[in-house]
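Asker: have a look; sequence and predicted model below, questions after that.
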Amino acid sequence: MSAIIRSLLDTDLYKFTMLQVVLHQFPQTHSVYLFRCRNLEDTVYPLVEILEDLNHQLDLLCELRFAEDELQYLRSLRFIKSDFVDYLELFQLKRRFIQASIDESGRLDIRIEGPMVQAMMFEIFVLAIVNELYFRRIRNDEVLAEGERRLQQKLLQLEQYAKEQKESDPPFLVSDFGTRRRYSFEWQKHVVQTFHSAAPKVFRGTSNVLLAKELGISPIGTMAHEWIMCVGQGNHKHNPAYSNWYALDAWVREYGVLNGIALTDAITTDCFLRDFQLTYATLFSGVRHDSGDPVEWGEKMIAHYQKLGINPANKTLLFSDSLDFARAHELYEHFRNRTKVAFGIGTYISNDTEVPALNIVMKTTLCNGMDVAKISDTPGKGMCKNPDYVHYLKRCIDWRMNHDR
């Protein structure tokens with residue numbers, strides 16, 4: 001079987017931006033990531049059936065190295081530093097840090113454990129491999145035909161939005177965030193290329209660095225929840241309700257005003273706003289929504305900027321939670337005259353056929369031997385192996401919200 005991942009650039013941009021800070025500021029961090037399928041009851045067949053092929057693909061993944069043209073592309077990104085690319089020239093994933101097996105309940109179990117400068121880079125590759133192996137077994141002409149039919153409908157929708165947009169209107173910007181749950185690499189590339197060719201003023205970028213390089217479009221991404229969880233909770237022995245401050249501070253020390261979209265919901269947006277005060281709100285160009293009601297969140301962010309004396313029109317609200325084009329355009333219409341808006345869309349772009357997509361994740365659960373957890377604005381989106389730590393973290397957040405004003 002040929003390799004599914006054929007380039008180490010075939011991952012999301014924020015893996016590189018987070019890895020650069022970990023290498024420079026937290027190089028000895030040790031982390032554990034666990035696999036989870038959130039819609040296990042909807043799978044066509046048990047995921048354990050791909051185990052043998054998965055282990056073979058992990059072997060192939062760990063043979064990859066960055067090519068010279070890939071390294072040069074990374075050097076061209078203004079927020080990527082030269083010494084980090086020098087490190088990547090030597091980089092190779094180590095097979096000993098990842099194990100795929102069957103757990104005691106008979107389900108697919110994937111565990112990554114090792115130095116974070118290695119462990120964090122496995123995530124997107126593993127999810128893309130699991131998806132492609134799963135869908136290969138049920139691929140047929142009807143499934144692909146339905147995917148193409150839906151693609152053409154979306155294309156008409158996107159072209160219509162582009163036609164309706166006037167020169168004086170703020171831009172309606174959509175990007176692909178679908179690598180982790182894509183149908184296949186070829187399908188993701190086909191869809192991204194189709195959208196960008198037809199509506200380049202609307203469809204602006206992709207989180208996938210390889211596709212950005214190959215198609216000549218913008219790579220999009222800054223940070224993920226693991227960044228705040230590991231840097232904020234796992235690298236500092238302090239009240240974890242201050243996790244965002246530590247993560248924001250480290251990011252600003254690395255990037256200054258470059259590459260600045262802050263993720264708000266790692267331990268609830270309300271707690272995030274306690275740390276997102278004038279300095280950080282000024283330095284970061286915007287914020288990203290990934291859970292909770294998007295309109296309520298957007299209004300809260302605008303009000304926060306206004307309270308700080310910052311004009312929201314100069315900041316970006318990036319929405320990235322379970323969107324389709326219609327919902328994105330509704331949000332654009334709601335906010336467009338008050339702030340900049342942009343949209344990162346995943347499964348709806350990269351894996352929309354008649355077969356339900358897998359809702360799979362790999363989340364960090366331990367950092368430097370300590371439990372870490374995500375407490376998002378949507379119940380059920382968190383992941384932690386230790387419920388006692390989750391209760392402790394919630395109590396810390398509640399204490400801060402009630403006492404730290």
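Answerer: Alright, I've got the coordinates.
Asker: all contacts plus neighbour counts: C-alpha atoms, from now on.
Answerer: Will do.
Asker: quick one: the strands in the chain?
Answerer: In the chain, the strands defined using DSSP state E lie at 30-37, 98-102, 108-115, 173-176, 203-206, 218-219, 261-263, 286-289, 316-319, 340-345, 360-367, 370-371.
Asker: now do the buried residues in the longest helix belonging to the chain.
Answerer: Assignment by DSSP state H gives helix 141-164 as the longest helix of the chain. Buried residues in helix 141-164, counting neighbours by 16 or more other Cα atoms under 10 Å, are found at 143-144, 147-148, 150-151, 154-155, 158-159, 161-162.
Asker: against N311, how distant is I5?
Answerer: Distance, I5 to N311, using Cα to Cα, to the nearest Å: 43 Å.
Asker: please say which of those two ends up with more neighbours.
Answerer: I5 (19 against 14; other Cα atoms under 10 Å).
Asker: how about the helices in the stretch 151-300 of the chain?
Answerer: 185-198, 209-215, 225-227, 243-255, 269-275, 278-283, 294-307 (DSSP state H, counting those that start in this stretch).
Asker: thinking again about what came up before, with respect to T43, which of the buried residues of helix 141-164 is nearest?
Answerer: Distances from T43 to those, taken as Cα to Cα, are shortest for V143 (15.3 Å).
Asker: that closest one and D352 touch, don't they?
Answerer: No. With contact defined as Cα atoms under 8 Å, V143 and D352 do not form a contacting pair (9.8 Å).
Asker: which one, of the helices of the stretch 151-300 of the chain, ends up nearest to I397?
Answerer: With Cα to Cα as the criterion, I397 lies closest to helix 269-275 of the helices of the stretch 151-300 of the chain, at 6.8 Å.
Asker: quick one: list the elements packing against that closest one.
Answerer: Helix 269-275 sits against helix 243-255, helix 387-403, with contacts defined as 3 or more Cα pairs under 8 Å, 6 or more residues apart in numbering; DSSP states H and E.
Asker: buried residues in the longest one?
Answerer: Translated: helix 387-403. Residues of helix 387-403 classed as buried by neighbour count (16+ other Cα under 10 Å): 390, 393-394, 396-397, 400.
Asker: ok, now which ones touch the spatially most central residue of the chain?
Answerer: Nearest to the mean C-alpha position of the chain, by Cα atoms, centre = their mean, lies A224 at 5.5 Å. Residues near A224 by Cα atoms under 8 Å, 6 or more residues apart in numbering: 14, 263.
Asker: low-scoring pLDDT stretches of the stretch 51-200 of the chain, where are they?
Answerer: Low-confidence segments of the stretch 51-200 of the chain, defined by pLDDT under 70: none present.
Asker: for the residue nearest to the centre of the chain, phi and psi?
Answerer: Per-residue torsions, A224: phi -120, psi 180 (degrees, to the nearest 10).
Asker: quick check: which of the helices and strands packed on helix 269-275 is nearest to L90?
Answerer: helix 243-255 (21.6 Å).
Asker: now that closest one: buried residues?
Answerer: Applying a neighbour-count criterion of 16+ other Cα under 10 Å, the buried positions in helix 243-255 are 243-248, 250-252, 254-255.
Asker: what does stretch 166-179 give?
Answerer: Neighbour-count burial for stretch 166-179 [16+ other Cα under 10 Å]: 171-179.
Asker: what do you get for stretch 98-111?
Answerer: Buried residues in stretch 98-111, counted by 16+ other Cα under 10 Å: 98, 100-101, 107-111.
Asker: thinking again about what came up before, turn the buried residues of stretch 166-179 into CSV, including distance to Y87.
Answerer: Shown next, in CSV, are the buried residues of stretch 166-179 (distance: Cα to Cα, whole Å):
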residue, distance to Y87
P171, 37
F172, 37
L173, 34
V174, 32
S175, 29
D176, 28
F177, 26
G178, 27
T179, 24
